[in-house]
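Colleague: this is a predicted model, with the sequence first.
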Amino acid sequence: MPHPLPSARTAAGAADRAGGTVAAPPAPRVRVEHEGPVAVVVLEDPARRNVLGAALREQLHETLGRLAEDPGVRAVVLTGADGCFSAGGDLAAMPPAAPAEGRARMERVGALVRRLAALDLPVVAAVQGPAAGVAVGLVCCCDVVVAGAGARFLLPFTRLGLVPDGGLLHLLARRVGPGRARALLLGAEPVGAEAALAAGLADHVVADRDVRAEALARAQALAARAPLAVAAVKQGLRTAGGSLEAALAFEAGHQPGLFTTTDFLEGKQAFAERRAPAFSGR
């Protein structure tokens with residue numbers, strides 16, 4: 001569950017009593033840092049542990065849209081500021097004032113999850129500290145999950161009286177299997193990094209100080225793969241992973257086009273010459 005934090009008003013009151021003043025906390029934002037072909041996307045609202053309030057959700061949605069259209073970006077790292085991935089949904093903004101507001105909120109959450117899940121770029125999650133609620137849904141959308149040893153995955157929905165959101169009823173089961181997903185979502189117990197690794201919720205566990213570097217290294221390796229093939233693999237896993245016939249149909253529909261690409265010729269030649277390929281995305 002999200003950890004309670006002192007409100008800005010409480011902090012300001014304490015400072016006033018001490019004879020000082022406190023500036024308003026900075027507005028939530030999504031910061032993008034470019035490391036060669038990798039875009040590092042940072043959720044930044046540290047005063048509230050990077051909760052996914054309306055402002056941060058909308059900024060992330062817009063940011064992912066821009067990155068999807070940027071030819072210079074070949075991979076993405078998704079992380080949170082100040083040693084915390086995200087405390088999840090904004091409990092301070094719940095419950096919504098009216099049912100229509102609740103429906104609108106869930107539509108926007110769904111739009112964000114769909115955009116991240118549909119991204120053809122490979123995405124690596126770099127998880128430090130807590131990832132709670134809907135933020136775990138974002139983690140499950142990612143292709144590779146690197147967790148710090150102190151990371152915790154929190155799924156508090158049955159403790160709060162809510163249904164899992166962020167696509168978790170589907171995404172968590174795809175990552176860890178239906179049985180484990182059922183146990184995690186019903187039990188609502190915190191999942192530490194090693195337990196997440198054992199369950200398949202995390203792919204790699206490293207020291208907390210090494211999370212970003214490890215995630216960046218894995219993203220850079222993925223950025224070196226053939227972009228059209230990466231996109232096709234991600235599309236196929238999204239749409240054709242349910243049956244053998246669907247997978248074979250997807251292959252038959254996509255492989256003939258990939259045979260004719262410059263990247264396939266480069267990959268074939270690089271394989272024969274035992275060198276790293278230089279893909280162009282064409």
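Modeller: Great, that's in hand.
Colleague: any low-confidence regions in the stretch 1-150 of the chain?
Modeller: For the stretch 1-150 of the chain, the stretches with pLDDT under 70 are 1-22.
Colleague: where do the helices of it begin and end?
Modeller: 8-17, 54-68, 99-117, 134-141 (DSSP state H, counting those that start in this stretch).
Colleague: same question, the stretch 151-282 of the chain
Modeller: 157-160, 168-176, 178-187, 193-199, 211-223, 227-239, 244-259, 262-273.
Colleague: got TSV for the helices of the stretch 1-150 of the chain, with mean neighbour count and distance to Ala229 too?
Modeller: From N, CA and C alone the C-beta is placed, and that goes for glycine too. Output for the helices of the stretch 1-150 of the chain, formatted as TSV (neighbours: other Cβ atoms under 10 Å; distance: least, Cβ to Cβ, whole Å):
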stretch	mean neighbour count	distance to Ala229
helix 8-17	12	48
helix 54-68	17	17
helix 99-117	15	19
helix 134-141	27	20
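Colleague: and these as CSV, adding distance to Ala147?
Modeller: Shown next, in CSV, are the helices of the stretch 1-150 of the chain (distance: least, Cβ to Cβ, whole Å):
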stretch, distance to Ala147
helix 8-17, 30
helix 54-68, 20
helix 99-117, 18
helix 134-141, 9
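Colleague: identify whichever of these lies nearest to Glu245.
Modeller: Among the helices of the stretch 1-150 of the chain, the nearest to Glu245 by Cβ to Cβ is helix 99-117 (22.8 Å).
Colleague: before we move on, the earlier item: for Ala147, find the nearest of the helices of the stretch 151-282 of the chain.
Modeller: The closest of these to Ala147 is helix 193-199. By Cβ to Cβ, the value is 4.6 Å.
Colleague: so for stretch 200-214, what's the average pLDDT?
Modeller: What stretch 200-214 shows for mean pLDDT is 98.
Colleague: quick check: end-to-end length of it?
Modeller: Stretch 200-214 has an end-to-end distance of 18 Å (Cα to Cα, to the nearest Å).
Colleague: kindly report the same for stretch 256-276.
Modeller: 24 Å.
Colleague: can you list the residues that contact that stretch?
Modeller: Contact with stretch 256-276 is made by 224, 226-229, 232, 277-282, as judged by Cβ atoms under 8 Å, 6 or more residues apart in numbering.
Colleague: taking these together, which two end up most distant?
Modeller: Most distant of those, by Cβ to Cβ, are Ala232 and Ala278, 19.3 Å apart.
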